[in-house]
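Trainee: Using only what follows, build the 3D model:
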Amino acid sequence: MKRLHHKVWPVGRPHDIKQVKTTLDEELRKNARRFPDKPATVFYGEVKSYRDLAEEVAYIAGYLQSQCNVKSGDRVGLYLQNAPQFVAGFYGIIRAGCVVVPINPMNLEDELAYIVEDAGIEVVLAAQDRCEYLAALLDDGRISRAVIACYRDALPNELPDSVEMALPKEISASKKTDIPDGCVAWSDMLAAEIIPAAASTRPQDLAVMPYTSGSTGKGKGCKHTHMTTLHATQSMYDWFGLTGDDVYLSAAPMFHVVGMQAGMNSPIVTGATMVILPRWDREIAADLIRTHQISVWPTVPTMVIDFLNRADLKDDDLASMRCIFGGGIAMPSSVASKLHNLTGLTFLEGYGMTETIAPTTANPVHLPQKQCGGIPVFNTDVFIGDPENQSAVPQGKVGEILISGPQVMLGYWKNPKADAETFVSIEGQRFVRSGDLGYLDENGYLFIVDRLKRMINASGFKVWPTEVESILYGHPAIEEACVIGANDPYRGETVKAVVVLQKGAALTPEELAKWAKDHMAAYKIPRLLETVTSLPKSGSGKVLWRELQEAENKTGKEP
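Mentor: From the prediction side, this is the model:
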């Protein structure tokens, strides 16, 4: 397949890199031997060395094997915010020979239950603030055991008052003493000091199964091996020239592939240090960057926008930074210019999916383009096809983005129908359909134009309207609901509910948001509400959501 992007390829870099022949666990072991005393994680000033991390990983793996009776290939849930426990839990599950299923820590009981049941999870590593959502699953036997972490255990014994006051309540909370039956405290798991049995894990074995959403709103588990995961990881650190001397600001959520791959696996594999921030706070981020001389920041544009909008922004706030990259939504041109004027750095945009466990394309460091996904990374081909039949469209014309490369998942978990709809063969290569629309310019740069599937991208989080609609129908005042995306100057897009109310009912946006807070993750909550007397429908009775979306696009303000 012709690769237009080789015309602008970074000088001296190979077009393809060698096939992965190692595992994530082997990568951690290697760097624990090479750099035992080097900081692996920093959490509000508390430093954990590679030696200490590897030891904790071993004890987690041993406990999972001997006390939770996991076997190689079992799926184990990881239901935590960014914290040292997330990192240790991720690699502990891997060392036990199991498959990590990262679960959004904002998910509530129904959302958690769906992933647990679909993936066949029996054991979950979770934070103590999630206990109430685990209790029902433990009571009815859908999961057999949960290990409960107290984030405060990972903090220094003493914190400055300013930092203590700024900590999210989940992070500062003292250890619970009333965890549900079937749970064990994380500290007790480590205190057991159980050495794991060797797991005969191979590079081609499943390693991680992040969940995405489909057009029906139901999540699909993406089956990624050590090979797909590590190829994608190398496609970041080799592409951007990142090394073990770098210090990362790991603030992007680790349950999501960007935070997982760019903020956690990349520093682990290169032997670098990650400074972990569980929840975005621009003031603390600024202090961390200065204190730890952070050099790499994988992020989403919304964090950069917020950081640069600080009233006390200083010219040297990002003086230590040498690489800022990410994706999720396009970086506004004005913000990119402000960043460049302040630091001389270009925000290097990329494009990827859960199905490719992050990078598919990335802007080359030597020749980046604004508001562009970049060019295909190592060993990767991007094909622009007709959305109806995947036949080639002329260069420069818009079509569906299809991706082929070693980072593409094996397929969806127990979902052959979705596999059949998602994978196609083109010129003898296996491609995954992205559902996104875009085009390649004459040099192979990918520009994303629109979405083929119905999805809202709020600050980089994917929100599927059908899922939100199904929950809104549970509100006593709502008779019918249609969810669409609305332009938002900060989030890129935000969730808007267009509803028909029950006769005599009334509902304000504030009342809806308060109700929704107890029924769905925060990023899915409709920020906007419009009440109408009826929803447009087709002859078969289907709601014509496209009509509402198009009307919103015409009347909504551009970001």
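Trainee: Show me what the one helix or strand R546 maps to is packed up against.
Mentor: Remark: R546 resides in helix 545-555, with elements defined by DSSP states H and E. Secondary structure elements in contact with helix 545-555, counted by 3 or more C-beta pairs under 8 Å, 6 or more residues apart in numbering; DSSP states H and E, are strand 478-488. No exception for glycine: its C-beta is placed from N, CA and C like everyone else's.
Trainee: what sits up against the helix holding R546?
Mentor: The set of residues external to helix 545-555 that reach it, using C-beta atoms under 8 Å, 6 or more residues apart in numbering, is 454, 465, 482-487, 496, 498, 535-536.
Trainee: Just among those residues, which is most surrounded?
Mentor: Counting neighbours by other C-beta atoms under 10 Å, V483 comes out on top of those with 27 neighbours.
Trainee: can I have stretch 122-137 written out in CSV, keeping just the CAs?
Mentor: Output for stretch 122-137, consisting of C-alpha atoms alone and laid out as CSV, is shown next (Å, rounded to 0.1, in the frame of the first residue of the first chain):
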residue,chain,number,x,y,z
GLU,A,122,-14.7,-12.4,39.3
VAL,A,123,-12.1,-10.2,41.1
VAL,A,124,-11.8,-6.4,41.2
LEU,A,125,-9.1,-4.2,42.6
ALA,A,126,-10.9,-1.0,43.6
ALA,A,127,-10.8,2.2,45.6
GLN,A,128,-12.6,2.4,48.9
ASP,A,129,-14.9,5.2,47.6
ARG,A,130,-16.3,2.6,45.1
CYS,A,131,-17.3,0.1,47.8
GLU,A,132,-21.0,1.0,47.6
TYR,A,133,-21.1,0.0,43.9
LEU,A,134,-19.3,-3.3,44.6
ALA,A,135,-21.5,-4.4,47.5
ALA,A,136,-24.4,-5.6,45.3
LEU,A,137,-22.1,-7.5,43.0
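Trainee: Next SSE downstream of whichever helix in the chain runs longest?
Mentor: Longest helix in the chain by number of residues, with DSSP state H as the criterion: helix 50-67. Remark: after helix 50-67, the chain's next helix or strand is strand 75-79, criterion DSSP H and E.
Trainee: Okay, now the sheet partners of that next one, with direction.
Mentor: Under the criterion DSSP bridges, strand 75-79 sits next to strand 99-102 (parallel), strand 123-127 (parallel) in its sheet.
Trainee: What mean pLDDT does it get?
Mentor: Predicted confidence along strand 75-79 averages 98 (mean pLDDT).
Trainee: contacting residues around it?
Mentor: In this structure, residues lying in contact with strand 75-79 by C-beta under 8 Å, 6+ apart are 64, 70, 86, 89-90, 93, 96, 98-103, 105, 107, 112, 115-116, 119-121, 123-127, 130, 134, 143, 209, 255.
Trainee: How many neighbouring residues does K414 have?
Mentor: Residues contacting K414 under the criterion other C-beta under 10 Å number 13.
Trainee: Look up how far L112 lies from it.
Mentor: Between K414 and L112 the distance, using C-beta to C-beta, to the nearest Å, works out to 18 Å.
Trainee: what about the strands paired with strand 75-79, which gets the closest to A358?
Mentor: Proximity to A358, assessed across these by C-beta to C-beta, is greatest for strand 99-102 (13.0 Å).
Trainee: Off-centre distance for that closest one?
Mentor: Remark: strand 99-102 is offset 13 Å from the chain centroid, using C-alpha atoms, centre = their mean, to the nearest Å.
Trainee: Stretch 181-197 now?
Mentor: From the chain centre to the centre of stretch 181-197 is a distance of 28 Å (C-alpha atoms, centre = their mean).
Trainee: Just the endpoints, please. Distance across it?
Mentor: Across stretch 181-197, the straight-line distance between its terminal residues is 27 Å, by C-alpha to C-alpha, to the nearest Å.
Trainee: Quick check: what element follows the worst-scoring helix or strand of the chain on mean pLDDT along the chain?
Mentor: Among the secondary structure pieces of the chain, namely its helices and strands, strand 211-213 has the lowest mean (mean pLDDT, DSSP states H and E), a mean of 79. Beyond strand 211-213 in the direction of the C-terminus, DSSP H and E gives the next helix or strand as strand 219-225.
Trainee: what's in contact with the helix or strand just after that next one?
Mentor: Proceeding C-terminally, strand 219-225 gives way to helix 226-237 as the next helix or strand, assigned by DSSP H and E. Contacting residues not belonging to helix 226-237 are listed as 17, 19-20, 22-24, 27, 201-205, 207-208, 242-243, 261-262, 265-266, 269-270, 298, 325, 352, 356-359, 362, 377-380, 405-410 [C-beta under 8 Å, 6+ apart].
Trainee: What strands line up against the helix or strand containing E349, and which way round?
Mentor: Taking DSSP H and E as the definition, E349 sits inside strand 348-353. For strand 348-353, the paired strands and their directions (DSSP bridges) are strand 323-326 (parallel), strand 358-362 (antiparallel).
Trainee: so which of those strands is the most packed in?
Mentor: Here the criterion is mean neighbour count by mean count of other C-beta atoms under 10 Å, and of those the winner is strand 358-362, at a mean of 29.
Trainee: where do the strands sit along the stretch 251-400 of the chain?
Mentor: Assigned by DSSP state E, counting those that start in this stretch, the stretch 251-400 of the chain shows strands spanning 273-276, 296-299, 323-326, 348-353, 358-362, 375-376, 381-385, 399-404.
Trainee: helices or strands next to the shortest one in the packing?
Mentor: Looking back up the chat, that one is strand 375-376. Other elements packing on strand 375-376 under the criterion 3+ C-beta pairs under 8 Å, 6+ apart are strand 358-362.
Trainee: hang on, the earlier thing: tell me the angle the strand holding E349 makes with strand 399-404.
Mentor: Using axes from the mean of the first three to the mean of the last three C-alpha atoms, to 10 degrees, the inter-axis angle of strand 348-353 relative to strand 399-404 is 80 degrees.
Trainee: which of the contacts of helix 226-237 count as buried?
Mentor: Burial of the contacts of helix 226-237 was assessed by neighbour count (16 or more other C-beta atoms under 10 Å); the buried members are 17, 20, 23-24, 27, 201, 203, 205, 207-208, 242, 261-262, 265-266, 269-270, 298, 325, 352, 356-359, 362, 377-380, 405-409.
Trainee: count of residues packed around the residue nearest to V377 when sequence neighbours are not counted?
Mentor: In space, not counting the residues next to it along the chain, V377 is nearest to S235; the distance is 4.3 Å by C-beta to C-beta, 6 or more residues apart in numbering. As a burial measure, the neighbour count of S235 was computed by other C-beta under 10 Å and equals 30.
Trainee: Quick check: S235 vs N157, distance?
Mentor: Taking C-beta to C-beta as the measure, S235 falls 40 Å from N157.
Trainee: likewise V498?
Mentor: Going from V498 to N157 by C-beta to C-beta gives 52 Å.
Trainee: Of the contacts of helix 226-237, which belong to helices?
Mentor: Residues of the contacts of helix 226-237 located in helices (DSSP H): 24, 27, 266, 269-270.
Trainee: From those, pick the one nearest K2.
Mentor: Ranking these by separation from K2, with C-beta to C-beta as the measure, puts S266 on top at 30.1 Å.
Trainee: May I have the residues that are in contact with that closest one?
Mentor: Residues in contact with S266 (C-beta under 8 Å, 6+ apart) are 233, 236-237, 242, 248, 272, 298.
Trainee: Quick check on the residues you listed: which are buried?
Mentor: 233, 236-237, 242, 248, 272, 298.
Trainee: any chance of those in a markdown table, plus distance to I401 and pLDDT?
Mentor: Formatted as a markdown table, the entries for those read as follows, by distance: C-beta to C-beta, whole Å; pLDDT from 0 to 100:
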| residue | distance to I401 | pLDDT |
| --- | --- | --- |
| T233 | 22 | 98 |
| M236 | 19 | 96 |
| Y237 | 24 | 96 |
| L242 | 26 | 97 |
| Y248 | 28 | 98 |
| A272 | 31 | 98 |
| P298 | 22 | 96 |
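Trainee: As TSV, these with distance to S459 would be great.
Mentor: What follows is the buried ones among the contacts of S266, written out as TSV (distance: C-beta to C-beta, whole Å):
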residue	distance to S459
T233	24
M236	21
Y237	25
L242	24
Y248	20
A272	26
P298	15
